[in-house]
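> Attaching a predicted model along with its sequence, questions to come.
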Protein chains: 2
Amino acid sequence: MFKRTPSPIIAQIAKIRESANLLLEKELLARDLKGIVPAHGLVFCFLFRQDEPIPIKALVQESGRVKSTVTGMVNTLEKHGYLYKIECPDDARSTLIGLTEKGKAIQQDFEDVSETLENKVFGSMPPEDRQRLLELLAVIEKNLD
Amino acid sequence: MFKRTPSPIIAQIAKIRESANLLLEKELLARDLKGIVPAHGLVFCFLFRQDEPIPIKALVQESGRVKSTVTGMVNTLEKHGYLYKIECPDDARSTLIGLTEKGKAIQQDFEDVSETLENKVFGSMPPEDRQRLLELLAVIEKNLD
DNA sequence: TGACTTTAGTTCGCACACGAACTATCCTCC
DNA sequence: GGAGGATAGTTCGTGTGCGAACTAAAGTCA
């Protein structure tokens, strides 16, 4: 009985994502960013754009993660000193979060790591191929909506 | 200050993978395959190809997962009755695993789900585009090795 | 044979990730 | 204003996933 790999593209995509995460972890470690993992990217990326503390609710909507997951990530990032939590003055149910100085300080590293990843992913692929790849990926992304 | 999404391709790829996993979970549930999650695909795919019990060690190598992770997955699949564990007669350190009848019985479902996913991913994309996409993905996969 | 090393699995602690249940606050509407 | 429902977070249980430490059984070699 012969068996082939199921869903070769998805397997390929999963593998690429894993390799990317591995590279990210390596780069983060190289920059001495302890306690930060690729999954925190969404959090930082969102918080970098905020001028003042935002409710956790906003992060839940933005990140696409479930409430309890966000609670966990916020707590670990708080534990490592990257962000702080304060009570919302207007709504006692709500908790506001914001970047500490330590949290703000990593923005440059964050961007550097992102760029390193982007460069490594594409390598010497010509621009028209990159464009084509993004388009084709957009198609299958839409197919899966 | 303006911030763009870091590594758009990787973000896109991560999103596709997540959507695919979501679809898989939906399809598994629709077929009443309780206790099985996408991550178990590697395990089943490997075990379907075996005629007799294999050491966990082999699954570790094949799956690309770490020993402790495999231990966990094997235990949950055993708990749900999809596979069994026996002591290896030749090497007392080794544990052999194999599919139970319940485990073997899902092979058809497994293939159906894989095909459903594959079809949904590609949709009506023409064959030459599919080919091109796989090629381009292979390039960035290699870039990240 | 007996010390040393390698190997196979398990266990533990941690973090992400989900869903379900829970608490506390707020809002609505009678 | 008070009952009922909506909303914001947390907590709990389960599972994947990792690394490190551990146990037990082989293998090595002097």
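Arrived safely. The structure presented is a predicted model; accordingly, all values stated were derived computationally and were not measured. Numbering: from 1, shown residues only, chains lettered A, B, ... in the order given.
> so does the longest helix along chain A get close to DNA strand C?
Secondary structure assigned by DSSP state H gives helix A:8-30 as the longest helix of chain A. No. Applying Cβ under 7 Å from any atom of the strand, one finds helix A:8-30 separated from DNA strand C by no less than 9.6 Å. C-betas here are computed from N, CA, C, even on glycine.
> Can you give me the buried ones in the helix or strand where A:Asn75 lies?
Element membership for A:Asn75 (DSSP states H and E) is helix A:67-79. Of the residues in helix A:67-79, A:Val70, A:Met73, A:Val74, A:Leu77 count as buried by neighbour count, 16 or more other Cβ atoms under 10 Å in any protein chain shown.
> Is any residue of the longest helix of chain A near chain B?
Yes. On the criterion Cβ under 8 Å from any Cβ of the partner chain, helix A:8-30 is in touch with chain B at A:Pro8, A:Ile9, A:Ile10, A:Gln12, A:Ile13, A:Ala14, A:Lys15, A:Ile16, A:Arg17, A:Ser19, A:Ala20, A:Leu23.
> what mean pLDDT would you report for that helix?
Averaging pLDDT along helix A:8-30 yields 96.
> before we move on, what about stretch A:84-96?
Stretch A:84-96 comes out at a mean pLDDT of 97.
> How far off centre is that stretch?
Distance of stretch A:84-96 from the chain centroid (Cα atoms, centre = their mean, to the nearest Å) equals 24 Å.
> where does the nearest residue to A:Gln12 once chain neighbours are set aside land in three-state SS?
Excluding its sequence neighbours, the residue lying closest to A:Gln12 (Cβ to Cβ, 6 or more residues apart in numbering or on different chains) is B:Leu137, at 5.1 Å. Secondary structure for B:Leu137, judged by DSSP: H, G, I helix; E, B strand; the rest coil, is helix.
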